[in-house]
Every structure is written in structure tokens, then in C-alpha cells.
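In: sequence first, predicted coordinates after that:
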Amino acid sequence: EDQVTQSPEALRLQEGESSSLNCSYTVSGLRGLFWYRQDPGKGPEFLFTLYSAGEEKEKERLKATLTKKESFLHITAPKPEDSATYLCAVQGEYGNKLVFGAGTILRVKS
Amino acid sequence: EAQVTQNPRYLITVTGKKLTVTCSQNMNHEYMSWYRQDPGLGLRQIYYSMNVEVTDKGDVPEGYKVSRKEKRNFPLILESPSPNQTSLYFCASSFSNSPLHFGNGTRLTVT
């Protein structure tokens, strides 16, 4: 059974204080690992897809990396507008669904 | 504007009263899916559809029904809602092997 565990559950940062969110996974035949951002009262918004170990992708202050067992979402010099819940999900070999982790709630204070 | 539209956004109902949550997408996506989101459990798939008239169960299908008679619409039906179906529901759609686009959610309370 595909599983995703995210840590920490919640993270408080000062503006400019860089950190990383972790996503550990077990999956049968990884077809893709996805990162989403979710703001209160909104649906998840797509950030990145990673397909194979060693792959990295960047967008503004965010950088996602992937190994065979986990993915990290690095946040460099965060701003208050980066506050959100970050969700990680995997798509296995059958490709019919995404299995999501419970998310990390990020709060960035100015 | 490309979007997934769910209605209603908020719904309070009583046990046993049938309800339907509508979902419509304007991106011509083949794949559509329903998820529920509960604290500490994340998003869990209820049902999905690979195309018109093709639907299948996800991880938590009990107590739900779906239909896909048109490509753009994928309604979620609760024939006899119970309090354990109180949750935040999301509809999503995509092309095959592309990221999911999510609606803004329907918060359902069953008393």
C-alpha cells in the first residue's frame, strides 16, 4: 500500500529564516511525486512534479528535491505570503490516484 | 478562466437526507476525482473517473455514489448521509499523467 508521511506537522519561521519540509514515502513503482500548496478556504494548488531520484525543481523561494525514499521542500528566505499548508502526494504504478500526506502547516512571521 | 467549480461551498444537513454535490470543469479533462479531507488524515480518494461512463472506487467509497454522464460534470451523491461523512470535499480533474486541478471545496456538516 502506498503511503506518505510528512514532517513536521507544523512549522513556525521568522521571515528570512530558511528551512525544509520532509515527505517520506513508500510506493509501488513511482510515477510521480507532487507538491501542492493549500491556502485556507481554497483547494490545493500545484507546485511541482518530480519523477526520479536526483531530480530538483525550483520556483521562486521554493526548491523540491527527490530521493528514492523521500522528498524535501526547501524554503529559502521565506516571506509571510509563503504561509500555507504544503501537501505531498505520490502516484504509483497504477496511476489512478494520488496518495497524499497529511500536510505541513507553515507560518512565517514578519 | 480554467477552473473546477463545486457547489455548494457550504452545506449543513441532517442524517438520512439525500444530497448531491456538483462538480464541473471547463478544461476538457478526461480524468476526474473526488477526495475528502479530514484533520490528520490528509486527502483520501472517494471515487474517480477515467472518462465518460467510466467510474471506479477509491480508498473510501462507502456511503457515496458518483456518475459521469458528461465529460465536464462529476457529481457526488450521498444517498443517506451520516455524521461520519462530515468533512471537507474536493473535486479534481486533469489530463492523463498531468497534475490535478482542484476545486475550492465543499464543507459538509451532517447532524
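Out: In hand now; what should we look at?

In: next to chain B, which bits of chain A? Give me the list.
Out: A:4, A:31-32, A:34, A:41-46, A:49, A:87, A:89, A:95-98, A:100-103 (CB under 8 Å from any CB of the partner chain). C-betas here are computed from N, CA, C, even on glycine.

In: ok, now with 10 Å
Out: With CB under 10 Å from any CB of the partner chain as the criterion, chain A comes near chain B at residues A:1-2, A:4-6, A:9, A:31-32, A:34-36, A:38-39, A:41-49, A:87-89, A:91, A:95-103.

In: in ChimeraX, select just the buried ones from those.
Out: Here is the ChimeraX selection string for the buried members of the residues of chain A next to chain B, based on 16 or more other CB atoms under 10 Å in any protein chain shown:
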select /A:2,4,6,32,34,35,36,38,43,44,47,48,49,87,88,89,91,97,98,99,100,101,102,103
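
In: which of the residues of chain A next to chain B fall within strands?
Out: The strands in this structure, assigned by DSSP state E, contain A:4-6, A:32, A:34-36, A:38, A:45-49, A:87-89, A:91, A:99-100 from the residues of chain A next to chain B.

In: so how far is chain A from the closest residue to B:Arg36 other than its chain neighbours?
Out: Nearest non-adjacent residue to B:Arg36, counting by CB to CB, 6 or more residues apart in numbering or on different chains: B:Ser87, 4.4 Å away. Distance of B:Ser87 to chain A, given as CB to the nearest CB, to the nearest Å: 14 Å.
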